[in-house]
Each structure stands twice: as C-alpha cells, then as structure tokens.
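Undergrad: The sequence isn't on hand, but the structure is:
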C-alpha cells in the first residue's frame, strides 16, 4: 500500500467534488426519486402525491402486458446472446490461429462495435423490409412469407438478429483477448503430444476460455436488458401489437407517452434490481477468475 | 477487475509496452504445422463471418446510391446506382444533417474531455491523499455502474428539467428556505433548466465510474518514490498532477478517449428525451426521425435512399475512429469492461 501522501486534504476535497456533485444530481437523486415514486401515486403534472405502499408493484405484477414484456425480454436476451456469442466464439477461435490475413479479419470483426444502435436498427429495418429490401426476393417467390410489420414473431426475430449483429464485435474482442492470454507453452505441449489443431481447441483453448465466456455472458444479458432501446425504437417502436415491447422500452412508453410516472418508476425499480443482481453475480463469482494479458 | 493493473503497470516500467495492441500478440515462430485442409476451412469460416458482418452495411451503402424509384423497385436492386452524392447532399442539407453533425461532434468532444478530466482528478483525490473517505467515495462512484441511464430514465429527465431541484428539495425539507424567507424576505427558488442545451447533453454523461476506476488502477502503480521526489522538490499536489501524472497517463487518455468517443457519439435515448429544439439535435436521434413511415400502405413512397444515406453519415465517423485507433480502442474496452 502507498506510504507517501500529500497532506493538503482541501485539495483532495476540491478534486473529488465535481464527480460527487454530478453523481449526486444525476444518479443518486433520480434513483431515490424512482424509489419514492414507485411507492406513491405520482401526479404527472406535479401536485400532491399520496402514499401507495406496494400498490404500484401490485398493479404492475398483475398486469398481463408486463409479464408479456418480461417474456419478450427474456426471449430477446437469450436469442441475441446465443447468436452473438456463438458467432463471436467461432470467429475468435479461428482468427486466433493467426493465419495470413489475420489483421484484416480482426478489423472486420471489430468495426461493427462502432455502429450506433439506431443506425443498426434502421439498416436492418430496411434489409428486413418486406417490400423494398433483400427480403422482397423471398416474398416474391413465396408471397406472405415474411412480414415483420404485421407479424409479431417476425418483428421479434428481426430485432434479435439486429441486436446480435451489433454485439458480435464486443464479444469477439473479449474472446480473442481471452484466447491470447492462454499460455503459449500449454498449446505447444499439446502439439508435442500430437494433439491436432481442432483437438487443442476443444481440450485446451475452450476450457481455459471458460472464465471469459461467463464474464461475456453476464455482460451480454445485462446489456440486452438495458441497451436495446435504440434498436427497438428505430425498428418497430415496440410493435406490432406490443410484440417487441421490451422491458426498457415499456418503461419509456409508460413514462413518457402514458405519463404513468409511478408505474414507470416501479418498473424501473424491478429492472434495476435485475441489473444489480446480474452485476453482483458477475463480481462475486466470475470477475475474480478472469485474467487478461 | 484487477486485469487493468497488469498492462498499465508494465506501461510504466517499459515504454515499449505502451504501444502494443492487446490483440496483436505475435505467435512465437517455430511451430510449423502442415494443415492445408484445415487452413482452407479456417479461411472459409472467417470469410463467411466477414460477409455476415459486412453485407448489411453493403446493402445500406447500395440503397444510398439509388434513386427513389430504384430503391423501391421489386425485387430490390443489388448493384450500386449513381445517386450517392445526391442522396448524401439531400440528407446533409435538406434534412439538416450538417448542423446535427456539428452538434454531435461538440457533444462527443465535450463528453470525452469531461470524462477524462473528471476521471483523472477524482482518481487523483482518491489515491494520493490520506483521508478516511477514500473507500466510501470510491464505492459511491463505483455503484453508479449498476444504474444505467435506461433504468432511471424518468426521474433523470425530471432532474434535467431543473438540475437544482435536488438542492431545492433539501432546502425545503430542512426548513432552510423557510428560514431564509422569514429572515431576508427572499423566496428560495433554485432553477437551472438543462433541456435543449449542450450542457444538458454533456454534463449528465460526464460522470464515469469506469474511467475513474481505470485511472485509479493506473495511479496505484505509480511508485511512492515519485511522490516523495516531487514533495522533496517542493512540488504541490496540483503540480505533481499536471507535470508528472498527466504525461505518464497518455496511454490511459488515448484508450479512454477512443471508447468514450464511440459511446457519446452513439448516445440515443438521452438526447432523444431532452432535446426538442432542432438546433441542438444530434445525428443519432435525427436518424430515428428518418424512419420512413411504411406502416400504412396508403402513405407516401418510403424514401429509403435518404434514410440509408443518413445511416452512413452517422456510422462513418465512429467506425473510422475504431479502425484507426484500433489498439487504443481494444485496450480501453478490455481494461474498463466497457
């Protein structure tokens, strides 16, 4: 631990103050407000509010639409995570062989991370458009085969694919870093014992990648609960008939369009507990086992 | 998240280590394996992956080069047309992407500078001073990681409408505003509306748990001797910060700046909420407004070509940053876990 310190604690107070001020105003205050609103009947245009106890939560949890939203969020989280992690893992394992062109493959897998969620949403909305995009070929051959504007399952599938496409790059970066942190000597020892490339992947690299894998898994699930807003908003707006109304999108719709502040706050609290639980799992069980470099 | 201290610790000792890309570790020479079939298979798999990742962007580019009739032709045309510059111009001038582009740039630069500055001084106050509040403050900052904007969106919006609301409420509760009013006759009404302003777009995004964490990890690797030497030479804490720590943390700055640029350029929900005045709009939000309304068949012909030109305008700057700053980007991402 450090022994040499500066003595002037006024300067210390001065330099930590800006960040503390910002997080107080924009993090802790709104969070406490959300808690307060969740337990009161908040009037959208100000005025008195009345203590509600768990009434808001009861209203939310007995609402079939909220459970639909949870179900859709879980399907989205599972679908997008499996697709993007699967693809990223395959790409990383083979890119890690570092054959010719490795540099280009690497860039090719990393750049999608930079694409904004609304840009991904709009691009895939065009691509999966039933009449103008590439799907018009399929629809020309099989009329009515694909229609995300009217068919909720199609819309959800389209949102999942867009979300997965966006997430591949992030997962790839972590998988590749994880693979490259595996000691070289282990792989050489495997080769000496006559293990082929594929055998070494299966029995050495993939098991040693497990900590990275779980870390990425938790991050992906957390992200899919909070980060999907831009994609849903530009692709479907939660529709058709609420078929893509993910939890985070429902909070936005209920809060800003429905002006149901108490209901939105109660949903926020539930989502917050979900995110906190996932983060705690990540730190308790996973973080300490992951080592890079 | 102890992984952050390893590369950074070595960065202090070994200046060469600073410029390596975490993903560019070279394979030791000498392992020659003759696996022609597997090599071809590897290339095939990787190429398929590249196509899956690149093809959507090709389709976007392709649509941005077509005219209104061509883009809506059935079946769709897959070869580029000659309308590219017209469409870009249409989006840039008529849809006002030029102004929005400038706004996005201002916000991104503001957020990046602010985040780096705040992260640096907060970590400085937490590492180089001996006070009892160090760990509580560190945790207070760190816990904000668990509260993404999306889950506290409604009350955060309320705060942006009046950033001094928390203080007003506290003054009201504690009776101080009543006291001031009775003593001086002045009614306490604090108000600072951040809606429709650059401040509102930048300040709430400037707090950074990950940046503070990254800086703290780096500062912890600074040897005590450096601090003692500075004190012996009568350098005060701020001088030590400006003349020793900041130059040493250039790696940190580069890594943090690239990932934060991408982060702030791509912000969508926050600007969507707090900006209603088109003069302060940013490109990512503007894109949402380009969505052609095809939900009703009776509507106008969807102008996908302009929407896709807008998509390109939004996408190109961060992608260029990521490609050219790849090693900093990767390092920033891995060391901060985002």
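TA: Structure's in. What do you need? No experiment lies behind these values; they were computed from the predicted model shown. Numbers count the residues shown, from 1 in each chain, chains lettered A, B, ... in the order given.

Undergrad: all contacts plus neighbour counts: C-alpha atoms, from now on.
TA: Noted.

Undergrad: could you point out the longest helix in the chain?
TA: As the question left the chain open, I've gone with chain A. helix A:64-95 (DSSP state H).

Undergrad: look at chain B instead
TA: Max-length helix for chain B by DSSP H is helix B:97-127.

Undergrad: Beyond the one helix or strand in chain B whose mean pLDDT sits lowest, next helix or strand please.
TA: One helix or strand of chain B scores below all others by mean pLDDT, DSSP states H and E: helix B:5-13, with a mean of 38. As assigned by DSSP states H and E, the chain's next helix or strand after helix B:5-13 is helix B:36-64.

Undergrad: Quick check: buried residues in that next one?
TA: Buried residues in helix B:36-64, defined by neighbour count with 16 or more other Cα atoms under 10 Å in any protein chain shown: B:42-43, B:45-46, B:49-50, B:53, B:56-57, B:59-64.

Undergrad: Likewise for stretch B:282-295?
TA: Buried residues in stretch B:282-295 (16+ other Cα under 10 Å): B:282, B:283, B:284, B:285, B:286, B:287, B:288, B:290, B:291, B:292.

Undergrad: Need the max-distance pair from those.
TA: For these, with distances taken as Cα to Cα, the pair at the greatest spread is B:282 and B:292 (18.6 Å).

Undergrad: Next one: the helix or strand where residue A:136 lies, is it in contact with chain B?
TA: Per DSSP H and E: residue A:136 is located in helix A:135-141. Yes: using Cα under 8 Å from any Cα of the partner chain, helix A:135-141 reaches chain B at A:136, A:137, A:140.

Undergrad: most neighbours, which of these?
TA: When neighbours are counted by other Cα atoms under 10 Å in any protein chain shown, residue A:136 leads these with 23 neighbours.

Undergrad: Show me the subset of the buried residues of helix B:36-64 that also lies near chain A.
TA: Within the buried residues of helix B:36-64, those near chain A by Cα under 8 Å from any Cα are B:42, B:45, B:46, B:49, B:50, B:53, B:56, B:57, B:59, B:60.

Undergrad: can you pull the contacts of the first one?
TA: Put plainly, it is residue B:42. Residue B:42 makes contact with A:94, A:95, according to Cα atoms under 8 Å, 6 or more residues apart in numbering or on different chains.

Undergrad: Check residue 232 and give its pLDDT.
TA: Since no chain was named, I'll use chain A. You'll see residue A:232 listed with a pLDDT of 90.

Undergrad: Correction: the question concerned chain B.
TA: For residue B:232, pLDDT reads 87.

Undergrad: gap between it and residue B:239?
TA: Relative to residue B:239, residue B:232 is positioned 13 Å away (Cα to Cα, to the nearest Å).

Undergrad: Find the residue closest to the closest residue to chain A within the stretch 201-338 of chain B in space, skipping its chain neighbours.
TA: Proximity of the stretch 201-338 of chain B to chain A (Cα to the nearest Cα) peaks at residue B:266, 4.7 Å away. Excluding its sequence neighbours, the residue lying closest to residue B:266 (Cα to Cα, 6 or more residues apart in numbering or on different chains) is residue A:116, at 4.7 Å.

Undergrad: swap in residue A:119?
TA: residue B:311 (5.3 Å).

Undergrad: need the residues of the stretch 151-300 of chain B near chain A, please.
TA: Checking the stretch 151-300 of chain B against chain A by Cα under 8 Å from any Cα, the hits are B:151-156, B:159, B:163, B:166, B:203-204, B:206-207, B:220, B:224-225, B:227-228, B:237, B:262, B:265-269, B:284-285, B:287-288, B:291, B:295.

Undergrad: mind checking pLDDT for the closest residue to residue B:172 other than its chain neighbours?
TA: Leaving aside its chain neighbours, residue B:172 sits nearest to residue B:178 (7.0 Å; criterion: Cα to Cα, 6+ apart). At residue B:178, the model reports a pLDDT of 79.

Undergrad: How about residue B:174?
TA: In this model, residue B:174 carries a pLDDT of 81.

Undergrad: What's the separation between it and residue A:117?
TA: 44 Å.

Undergrad: Can you mark which positions in the strand or helix carrying residue A:59 are buried?
TA: Assigned by DSSP H and E, residue A:59 belongs to helix A:55-61. Going by neighbour count (16+ other Cα under 10 Å), the buried part of helix A:55-61 is A:55, A:56, A:57, A:60.

Undergrad: Residues in contact with it: which ones?
TA: A:38, A:39, A:40, A:41, A:66, A:67, A:262, A:263, A:266, A:267.

Undergrad: Same question for stretch B:162-174.
TA: A:25, A:29, B:159, B:177, B:178, B:188, B:189, B:190, B:191, B:192, B:193, B:194.

Undergrad: now stretch B:120-128
TA: Counting by Cα under 8 Å, 6+ apart, A:4-6, A:11-13, A:15-17, A:19, B:134-135, B:137-138, B:211-213, B:215-216, B:219-220, B:241 sit against stretch B:120-128.

Undergrad: Sitting in strands, which of these do you find?
TA: Nothing among the contacts of stretch B:120-128 maps onto strands, per DSSP state E.

Undergrad: Tell me the secondary structure at residue A:281.
TA: helix (DSSP: H, G, I helix; E, B strand; the rest coil).

Undergrad: Neighbours of it, how many?
TA: Neighbours around residue A:281, by other Cα under 10 Å: 14.

Undergrad: where does it sit relative to residue B:140, distance-wise?
TA: Counting by Cα to Cα, the gap from residue A:281 to residue B:140 is 19 Å.

Undergrad: For residue A:4, which non-adjacent residue is spatially closest?
TA: Nearest to residue A:4 is residue B:224, by Cα to Cα, 6+ apart, at 5.6 Å.

Undergrad: In contact with residue 283: list those residues for me.
TA: This is for chain A. Counting by Cα under 8 Å, 6+ apart, residue A:283 has no contacts.

Undergrad: wrong chain, I was asking about chain B
TA: B:97, B:100, B:101, B:103, B:104, B:314.

Undergrad: So which of these sits lowest on pLDDT?
TA: residue B:97 (85).

Undergrad: excluding its backbone neighbours, what's nearest it?
TA: residue B:91 (6.0 Å).

Undergrad: Can you check the pLDDT for the one you found?
TA: For residue B:91, pLDDT reads 83.

Undergrad: and it, what are its phi and psi?
TA: Main-chain dihedrals, residue B:91, degrees, to the nearest 10: phi -70, psi -40.

Undergrad: so it sits right up against residue B:310, yeah?
TA: Yes: the pair residue B:91 / residue B:310 is scored as a contact, 5.9 Å apart, by Cα atoms under 8 Å.

Undergrad: Between the two, which contacts overlap?
TA: With Cα under 8 Å, 6+ apart as the test, residue B:91 and residue B:310 both reach residue B:97.

Undergrad: of those two, who's got more company?
TA: residue B:310 (29 against 23).

Undergrad: and the more buried one, what does it touch?
TA: Residue B:310 neighbours (Cα under 8 Å, 6+ apart): B:88, B:91, B:92, B:97, B:287, B:290.

Undergrad: okay, the angle between the helix or strand that contains it and helix B:97-127?
TA: Counting by DSSP H and E, the element that carries residue B:310 is helix B:304-324. Angle, helix B:304-324 to helix B:97-127, by axes from the mean of the first three to the mean of the last three Cα atoms, to 10 degrees: 30 degrees.
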